[in-house]
Each structure stands twice: as C-alpha cells, then as structure tokens.
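1. Fold the stuff below for me.
(2 chains)
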Amino acid sequence: MMSFLLEIKNLTVSIQNENFYISKGSNNLSTNVIDNLSLDIRAGEIYGLVGESGSGKTLLALSIMRLLSEPFIKINSGEIFLNGTDILKLSYENLRKIRGNKISIIFQEPSSSLNPVLKIGTQLLEAISPDTNTNQDKKEYAISLLKKVGVPDAESRMNYYPHQLSGGMKQRVMIAMAIARKPSLIIADEPTTALDVTIQAEILDLLRNLHSEQSESSILFITHNLAIVNQICDTVSVIYGGEIMETAPRDEFFSNPLHPYTQGLLNSLPDINKSKRIKLSPIKGTVPPLGKFPPGCKFADRCEKAVSICNKIKPENKELQKNHFVKCHLY
Amino acid sequence: MSSLLSKNENIFEVRKLNVRFPSHQSILGFKTKYIEVLNSISFDVRTNEILGFVGESGCGKSTVAKSLLGLLKFENPYVKIDGSLLYKGIDGVIDILNCSEKQLECFRKKVQIIFQDPVTSLNPKFTVDTIIKEPMIVHKISKGKELDERFSFLLERVGLNNELKNKYPHELSGGQKQRIMLARALATNPSVLIADEPLSALDVSIQAQILNLFVQLQKEFKLTIVFISHDLSVVKYLCDRIIVMYLGTIVEIAESETLYNNGLHPYTKGLISAVPSLVKNDLKKTSKWLTGEIPSIKDKIKGCVFYSRCPLKEDICKNNIPALEKKRSNQWVACHLV
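-> Numbering: from 1, shown residues only, chains lettered A, B, ... in the order given. Predicted coordinates:
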C-alpha cells in the first residue's frame, strides 16, 4: 500500500466578498478560491505545485499551516491528513505542536519574514525545540544549522541583524529555521522568486541536498516557474483557479503533457536551450477575476480545444496513465 | 517609412561612461563620498537591433537605461556623469550629456521607455484616453480628428479594444496595463524603445503575449529596442546581441547564440549555467563557475571586478583591470585569461 504523508481531500477555501454588506440581495457573499481540491504527497518526495498568480497556490500552503486570516478567508469543507491526523480538526494547542515540528514553511520574501529588530541567532534559537537541553547546546545546534545551509562564518553571523545579510543569505537562514526541528513536511512557497538566478541555483541545490540527507521528509515546492520544477521536483501538479488540472511524475509531465492548460504554459515559455525565435504560442486571454470563472471547466473560456460541454459540466479527475491524472473532457 | 540609416549603423554610441552616485553627504556638501555605479563602460546600440542587458540585481542595468535616456541628472542632481553619450538620429547627432532643452525635447520624442511595473508608471487619475494622447499633444504630433484616429490605431496595434478608452489604470489587468505602456511609448513614433524589465511583473501566459507583441512591433515600427531583463531565457529568445554586466562594468558583448553556446567570460558561463531549463534537468552546481557572494559596490576593487568569485583567477587579475577586447568577430570580452 502506498503511504501518503499528506493527503488533502476535497478542500474548499472561500474568501468573503469585499462588498458583502452592500451586495444587492445576492446570496453569494463568498467566492471559492480553492475549489474541491485533492492532493496527495508521498513520504520522501519533492512535490511541485505550479500556477499563475491568483491560482490559489499560496492559500493552499497557508491552509495546510492553518494560517489563513479567518474569518475573511476560511476553510469551508475538506480534510487535510498529515500522517493520518486531520489538521483541520486539531485544537489550537495541538496545532502549535505540529507547526515547526511536523510542518514548516519557507516564505517567498526572506526580508519580510525575518524580524528586523532581532539578531538572526535569536530568531534561530526561537525555532529550535525548547526541550533540547541547555542554552549552550541550543547555540551549538543553531551554529551547526547555519553551517549546514551554507552560511559562511556561522559563529559571527549569529550576531547579525537581517539587514546585514544579502537576500540569498536571509533565505538560507529561513531554511535553517525551517529544518531546525526536522519536520516531515517543508512547504517552500516561491522560495527563490526574490533572488537572482545564480543565487536561485544555489538555493535549489541546497534544498536538494538537504532533502537527500533526510530522505523521509517531503517538500511541497510552490512556484510559478516550470523550469525550476523540472530541476527539482519528483511529482508536478498544475493548479488553475483553485483546482488541480493535471498531476504527473516529472518526466511524464514534461514529455507528455495532456491538459490544454499545461500544454499552453509549456508552449508560452522561452527556454535557454531552445533555439531563438521559435514563435511562442501564448494562452489567449487572461485569468478571469475571482468568481468569474466558467461554471464548468475553469479553463474553458481560454482553452483552444474547448467544446460545448466544457463550459457547462465540470470534468472528472481521471487517471489516464499510472499516476498521471488529468481533469479534462477531452480524455 | 524610409530610414536614411543603413542597417547596423549605430544609433547610440556610449564611450567611457562613468556614473557615480553620492553617498554620505555632509550638510555643506563637503566630503561627499561617491559610489561608482557604472565604471567606464563603452558600447554601441545598432539601428534596428534588439540589444539585451543581463546581469544580477545591482549590476547597473537600470542605470544604463536611465543614462541612455538622460534621466539621471533629473533623478539626482548630485550624480556625477562623465564620458560621452551620443544619440545619432536621422536628424543629426545629439550629445545627451550636454545638449540644449530644444535638442532634448526632440530626443525625448525619439527615445521612449517602458518601465518594469505598469502599476506605478501609469497615472492613476488619467484614463487610457488621456494617457495615450498626452505625449502626442505635448510633442505636437497630431490633433483633432487625426489624434483620435492615431489613438485607435495605437490601441489596435497593441491588441486592445477601443472600449477601454475611458477606463482608469486600476480597472485594467497587468497585461493590459503593459500594453497601454507600449501604446503610450509608440505614440510619439519613436525610433528607440528602452524596456526596463517589462515582463517581470507579468504571469507566464501573459508574458508570452507581450513578448510576441515586442517582436511584432519591432518589425512593424522599425524599432531599435534596448531590452533589460534578469530572465536569461527571455533575453535569449528576443535579443540579437547581449551585453553581460557585472558590478557596473561590461564583461562580455556577443550575439545571442554565440553568448549562450560559446560565452567566453567565466561570469557569463556561470550565469548561463544557473538558468533552469524546461528541456534539460541537469542544473548543476553553479559553484563550478561562481563562488561566494557578490562584493558590495562600495568596496574599491583594484583589479578585475569578478576576481572574488572567479574560479579561474590568477595573480594578474588581482591588480589589473582587464580591458574589453575583441576576441572573435562580434564578441568582446573583458578577461585576462581568455
């Protein structure tokens, strides 16, 4: 039997309409941002979640961490199992035991996720388990963490404030905090978007090395960049309008993309290894605003291959090949 | 449109351009310290080419754009610029660093810019109509009925509908805003378009639409485009020639295919090795080419700027600045060891 570390079943997250007190008698006071989403992450894999802005990637990450700003954004229904326990049913106390211990998160912008008035050593010590013996032990562990993530001169860097470090170094500190308690799931929400391409390559390399050292843990890697997914992930999912459109193992995903949206994304990217000026074929139109998605398949109005049924009926999630799931009427 | 210039003649000639920004100014202006942002850079922009600038953040890409536009001294009156910066248009040569108001006005008409963030570069209180017509009125390009016709023409060329006429920027999507920026830039019928990271605020699917639009408009309006980006895949796709910058200096100039297949400077190789690809998943350790962190531009570096990160460094690199030399046809490299 396949063991899943994280299982998300039929998760629906909704956001209150900003003008819900002035809406003219309509009952639609909220819009679903994540719509009936299911996703399984195996123990030990790097799972890539790709989507454009507004597709619900970050909200999914925040839902798993239970960090949504309720009651304006709230989980309506669904279950999130981590090793068999439903995170959504946990009390606040139990949730605290999971955050950092079992799941940790690396945010996109390292400069705004570190506290500017505390030394990074202090922040790192805060993230280390309170039950690890003495202060001296903790400090040594913190220094070893910094060394592990490739911060040079780790002892003295403990006394630095975040503004004294470069973006790449700050992100390394964030990663050190995330791995401090050896969580079984690390959520990396666009961890390299704010960084230069050279630093990005180093951070990806670091994540990969850390992952191979701790082969039981999984990484949920959220990004808008398909090329990065190709470098680091084992399984890839594409999310659009809060629904997963296609899931496949990495090689299968890039060699045999089936969903028109995936194909569109792949065709609209210039690549460093493709020769110059092969005409790009972008997806037509733009992502509709929240609540304006077609009632059937969410991609129907932008899809080149859409037929009449697409606009009306939601497609089922079908397993077309082993582990390759597609949500599309064409198949 | 008849261009008097033959192909490949230079439209911009930049020679030994130095830009220094003041830092730590004392109250009376004594003891001002300067940071070298651009360090004696020389390059040409050829007519009708798409020239790309790449490099990590802080290497001076945007400063190059602003100096080409002659905007630096307006942004900071204490900035020190020396060297020469010539614009060679159809109607004569303009020395951008010392020119009269009148010449500058003529120059502004011919050289337009597109900024990175369309949200902050469109006036939120203007409608699309005013935004696009304003440059045409200011530069007395057309008026009356002709103005309306040209407005509709421009909107159509950038792939927008006339219905957007009375919308305000906040009512438009990111892609639409970037198209409006393009239409506004094209309004004065420019010969040069300087695009400073025009795609980085856009989503993947929209980015491709705008990229195609660039290719199409470049042909149609016979534009010379200076394209600044940190995304090397995009630059490779779009540009004819590419200039690689590092810490305020140019380390390599080459045609785009040559640069990607036979880049000579170790920094170019490192930069290219770091770009993730859709086709291959062999992103290797860039540490083969790049080690350590970028030094601060405040540090005075005596020799090659890349010395601290270079895997091939030798003694000569420490104290001698390498000159930008022609190594192959159309390929200039600043490295002692190539």
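2. can you list the domains in chain A?
-> Annotated domains of chain A cover A:4-102+A:183-275, A:117-181 [automatic domain parsing].
3. Turn the ones you listed into a markdown table, including mean neighbour count.
-> Glycine gets a C-beta too; all of them are placed from N, C-alpha and C. Putting the domains of chain A into a markdown table (neighbours: other Cβ atoms under 10 Å in any protein chain shown) gives the following:
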| stretch | mean neighbour count |
| --- | --- |
| domain A:4-102+A:183-275 | 19 |
| domain A:117-181 | 17 |
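4. Quick check: which of the ones you listed is nearest to B:Lys110?
-> B:Lys110 sits nearest to domain A:4-102+A:183-275 of all those, at 28.9 Å, using Cβ to Cβ.
5. Briefly note if that closest one comes near chain B.
-> Yes: counting by Cβ under 8 Å from any Cβ of the partner chain, chain B is contacted by domain A:4-102+A:183-275 at A:52-53, A:196-202, A:204-205, A:224-228, A:230-231, A:250, A:254, A:264-275.
6. still on that earlier bit, closest to A:Lys312 out of the domains of chain A?
-> If we rank the domains of chain A by Cβ to Cβ, the stretch that ends up nearest is domain A:4-102+A:183-275, at 16.0 Å.
7. all helices in the stretch 151-300 of chain A, in order from the N-terminus.
-> A:154-157, A:167-179, A:197-213, A:226-232, A:250-255, A:260-267 (DSSP state H, counting those that start in this stretch).
8. hang on, I meant the stretch 201-338 of chain B
-> B:204-220, B:232-238, B:256-262, B:266-273, B:315-319.
9. What of the stretch 1-150 of chain B?
-> Under the criterion DSSP H, counting those that start in this stretch, the stretch 1-150 of chain B contains helices at B:61-68, B:72-75, B:101-110, B:118-121, B:128-138, B:144-157.
10. Export those as JSON lines, with columns for mean neighbour count and mean pLDDT.
-> Output for these, formatted as JSON lines (neighbours: other Cβ atoms under 10 Å in any protein chain shown; pLDDT from 0 to 100):
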{"stretch": "helix B:61-68", "mean neighbour count": "22", "mean pLDDT": "91"}
{"stretch": "helix B:72-75", "mean neighbour count": "14", "mean pLDDT": "82"}
{"stretch": "helix B:101-110", "mean neighbour count": "15", "mean pLDDT": "89"}
{"stretch": "helix B:118-121", "mean neighbour count": "16", "mean pLDDT": "85"}
{"stretch": "helix B:128-138", "mean neighbour count": "18", "mean pLDDT": "93"}
{"stretch": "helix B:144-157", "mean neighbour count": "15", "mean pLDDT": "92"}
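11. what would those look like in JSON lines with distance to chain A?
-> Listed next are the helices of the stretch 1-150 of chain B as JSON lines, based on distance: least, Cβ to the nearest Cβ, whole Å:
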{"stretch": "helix B:61-68", "distance to chain A": "12"}
{"stretch": "helix B:72-75", "distance to chain A": "24"}
{"stretch": "helix B:101-110", "distance to chain A": "26"}
{"stretch": "helix B:118-121", "distance to chain A": "13"}
{"stretch": "helix B:128-138", "distance to chain A": "16"}
{"stretch": "helix B:144-157", "distance to chain A": "17"}
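12. and A:Glu70, which of the ones you listed is closest to it?
-> Among the helices of the stretch 1-150 of chain B, helix B:118-121 sits nearest to A:Glu70 (Cβ to Cβ), with 28.8 Å.
13. which strands and helices sit next to that closest one?
-> helix B:174-186 (3 or more Cβ pairs under 8 Å, 6 or more residues apart in numbering or on different chains; DSSP states H and E).
14. What is the helix it packs on packed up against?
-> On a contact count with 3+ Cβ pairs under 8 Å, 6+ apart, helix B:174-186 meets strand B:111-114, helix B:118-121, helix B:128-138, helix B:144-157, helix B:204-220.
15. closest one to A:Ser63 among the helices of the stretch 151-300 of chain A?
-> Closest of the helices of the stretch 151-300 of chain A to A:Ser63 is helix A:167-179, at 17.9 Å (criterion: Cβ to Cβ).
16. what's in contact with the closest one?
-> Residues from elsewhere that reach helix A:167-179 (Cβ atoms under 8 Å, 6 or more residues apart in numbering or on different chains): A:104-107, A:110-111, A:113-114, A:120, A:123-124, A:127, A:142, A:145-146, A:148-151, A:157, A:162, A:165, A:186, A:191-192, A:194-196, A:199, A:202-203, A:206-207, A:210, A:214, B:293.
17. next one: stretch A:49-62
-> By Cβ under 8 Å, 6+ apart, stretch A:49-62 touches A:8, A:11, A:13, A:33-34, A:37, A:39, A:68, A:73, A:105, A:187, A:189-190, A:220-226, A:229, A:236-242, A:265, A:287, A:290, B:203-205.
18. if we can go back for a sec, turn the domains of chain A into JSON lines, columns for mean pLDDT.
-> Shown next, in JSON lines, are the domains of chain A (pLDDT from 0 to 100):
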{"stretch": "domain A:4-102+A:183-275", "mean pLDDT": "88"}
{"stretch": "domain A:117-181", "mean pLDDT": "89"}
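19. which one of those domains lies closest to B:Thr188?
-> domain A:4-102+A:183-275 (29.0 Å).
20. First-to-last residue distance for that closest one?
-> End-to-end distance for domain A:4-102+A:183-275: 40 Å, by Cα to Cα, to the nearest Å.
21. By mean pLDDT, which helix or strand of chain B comes out lowest?
-> One helix or strand of chain B scores below all others by mean pLDDT, DSSP states H and E: helix B:72-75, with a mean of 82.
22. on contacts alone, who are the packing partners of that one?
-> helix B:61-68.
23. helices or strands next to the helix it packs on in the packing?
-> strand B:10-23, strand B:33-46, strand B:50-54, helix B:72-75, strand B:80-89, strand B:192-196, strand B:224-228.
24. lowest-confidence stretch among the ones you listed?
-> Per-stretch averages of pLDDT across the helices and strands packed on helix B:61-68 put helix B:72-75 at the bottom, with a mean of 82.
25. neighbouring contacts of that helix?
-> B:Val19, B:Thr63, B:Lys66, B:Val79, B:Ile81.
26. Could you export those to JSON lines, including columns for distance to B:Leu186?
-> What follows is the contacts of helix B:72-75, written out as JSON lines (distance: Cβ to Cβ, whole Å):
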{"residue": "B:Val19", "distance to B:Leu186": "28"}
{"residue": "B:Thr63", "distance to B:Leu186": "25"}
{"residue": "B:Lys66", "distance to B:Leu186": "20"}
{"residue": "B:Val79", "distance to B:Leu186": "29"}
{"residue": "B:Ile81", "distance to B:Leu186": "28"}
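27. Would you check how far apart the closest residue to B:His170 other than its chain neighbours and B:Ile210 are?
-> Nearest non-adjacent residue to B:His170, counting by Cβ to Cβ, 6 or more residues apart in numbering or on different chains: B:Pro124, 6.3 Å away. Computed with Cβ to Cβ, to the nearest Å, the distance linking B:Pro124 and B:Ile210 is 21 Å.
28. Which of the two has more residues huddled nearby?
-> B:Ile210 (22 against 9; other Cβ atoms under 10 Å in any protein chain shown).
29. so the more buried one touches B:Leu199, yeah?
-> Yes: B:Ile210 lies in contact with B:Leu199 (Cβ atoms under 8 Å); the separation is 6.0 Å.
30. Name the residues contacting each of the two.
-> B:Gln178.
31. Pretty sure A:Glu319 sits in a strand.
-> Yes: counting by DSSP: H, G, I helix; E, B strand; the rest coil, A:Glu319 is found in a strand.
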